[in-house]
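Asker: give the three-dimensional model of this entry:
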Amino acid sequence: MVRVPVWLVFLGPTVFVLLAITVFPLVYSLALSLHSWTMGARAGWRWVGVQNFAMVLRADPYFWTSVRVTLTYVGAAVGLELVLGLAIALLLNRRADGRGGTVQTLLILPTMMTPVVVGIVWRLLYNPDLGFLNYVVTRLGLPPQHWLGDLGTALAAVVVADIWEWTPFMALVMLAGLRAMPRDPFEAGAIDGASGWQAFRYITLPLLTPTILVGVLIRLMDAFKTFDLVFVLTKGGPGMSTEVLSYYTYRYGFKFFHMGYAAALSYILLAIVVIISQIFVRRLAHHEVEL
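Answerer: Reported below is the predicted structural model:
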């Protein structure tokens, strides 16, 4: 009689479930990306090799428009979230009245909301007829704006909603990094007569760099996959002004039903995220070696 290790009894089902929900979809979608298949068509899967990838990269100008929109969205959102989050964290780190916990709890509320709810809230705020923003604009004597329907403001409007949702997350990550710093370098700097800016520039930022890299990495991976916020607010419009890669992939897969092409788009998006993640991971490892 074969004795099964106890650890395998407990770990086996978990490993099986993880394989079922991660590895199988990856393998299935990879196989799908190498075939031409339109859902609902009589013809089944037709092997095309890397033709789908070649068409995306060489013959699809809308893909590169979507890449540009995605990079603009990710760069603006994550960059501003980092700056605002760091500023908020520095302010919270200076509080010594015992009310910081309440402030942090209130601060995290936007991040606790699902992106769909965030999208609905901001869609109401952006409403051209009844929205609060246009109420403020008209009270200032300016004409009301169609924030989500104008090519010049739609992407910025989505970025603002994303910043409102995720700046608290970045602030709490930065705050954790600030409170984990050793006090010795700051005391030595004070003895040497360092100003507040010098202490921030030469002590705080270098010590906080690993935390910044981790926070930005997490947000980059999430921002590149943004779908629900765009879906609720603009559905990629007007035109393609807010059509990020995830929504562009959704449109090919679930509106045009070109599943092979959509799978290829998904893997290209995955490759972009993996490459950027590796850059940040190597930068983080290099910084730790320097320290």
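Asker: where does the stretch 151-291 of the chain dip in pLDDT?
Answerer: Where the stretch 151-291 of the chain drops to pLDDT under 70, the residues are 287-291.
Asker: helices and strands around the helix or strand harbouring Val67, which ones?
Answerer: Applying DSSP states H and E as the criterion places Val67 in helix 61-93. Contacts defined by 3 or more CB pairs under 8 Å, 6 or more residues apart in numbering; DSSP states H and E place helix 61-93 against helix 100-107, helix 154-179, helix 205-224, helix 245-254. (Glycine included, C-beta is placed from N, CA and C.)
Asker: pipe the ones you listed into a markdown table and attach mean neighbour count and distance to Phe10 per row.
Answerer: Formatted as a markdown table, the helices and strands packed on helix 61-93 follow (neighbours: other CB atoms under 10 Å; distance: least, CB to CB, whole Å):
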| stretch | mean neighbour count | distance to Phe10 |
| --- | --- | --- |
| helix 100-107 | 13 | 36 |
| helix 154-179 | 21 | 32 |
| helix 205-224 | 18 | 30 |
| helix 245-254 | 20 | 36 |
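Asker: between those, which one is nearest to Gly12?
Answerer: Closest of these to Gly12 is helix 205-224, at 29.5 Å (criterion: CB to CB).
Asker: that closest one relative to helix 245-254, how many degrees between them?
Answerer: Orientation of helix 205-224 against helix 245-254 (axes from the mean of the first three to the mean of the last three CA atoms, to 10 degrees) gives an angle of 20 degrees.
Asker: could you check the angle helix 61-93 makes with helix 205-224?
Answerer: Using the same axes, to 10 degrees: helix 205-224 against helix 61-93 is 140 degrees.
Asker: run through who's touching helix 205-224.
Answerer: 70, 73-74, 77-78, 81-82, 85-86, 162, 166, 169-170, 173-174, 176-178, 180-182, 185, 245-246, 269, 272-273, 276-277, 280-281, 283-284, 287-288 (CB atoms under 8 Å, 6 or more residues apart in numbering).
Asker: name the next helix or strand following that helix along the chain.
Answerer: Next helix or strand after helix 205-224 toward the C-terminus (DSSP H and E): helix 228-233.
Asker: tell me which strands and helices that following helix is in contact with?
Answerer: The contact analysis (3+ CB pairs under 8 Å, 6+ apart) places helix 228-233 against helix 115-126, helix 154-179, helix 245-254.
Asker: what's the last one in contact with?
Answerer: Helix 245-254 has contacts (CB under 8 Å, 6+ apart) with 62-63, 66-67, 70, 224-227, 230-231, 235-236, 243, 258-259, 261-263, 265-266, 268-269, 272.
Asker: 6 Å instead, please
Answerer: 66, 70, 225, 227, 230, 236, 258-259, 261-262, 265-266, 269 (CB atoms under 6 Å, 6 or more residues apart in numbering).
Asker: what do you get for stretch 266-284?
Answerer: With contacts defined as CB under 6 Å, 6+ apart, stretch 266-284 is touched by 33, 210, 213, 217, 220-221, 224, 245, 249.
Asker: closest one to Val27 among the helices and strands packed on helix 61-93?
Answerer: Of the helices and strands packed on helix 61-93, nearest to Val27 by CB to CB is helix 245-254, at 17.6 Å.
Asker: check which element follows that closest one along the chain.
Answerer: Following helix 245-254 in sequence order, the next helix or strand is helix 259-290 (DSSP H and E).
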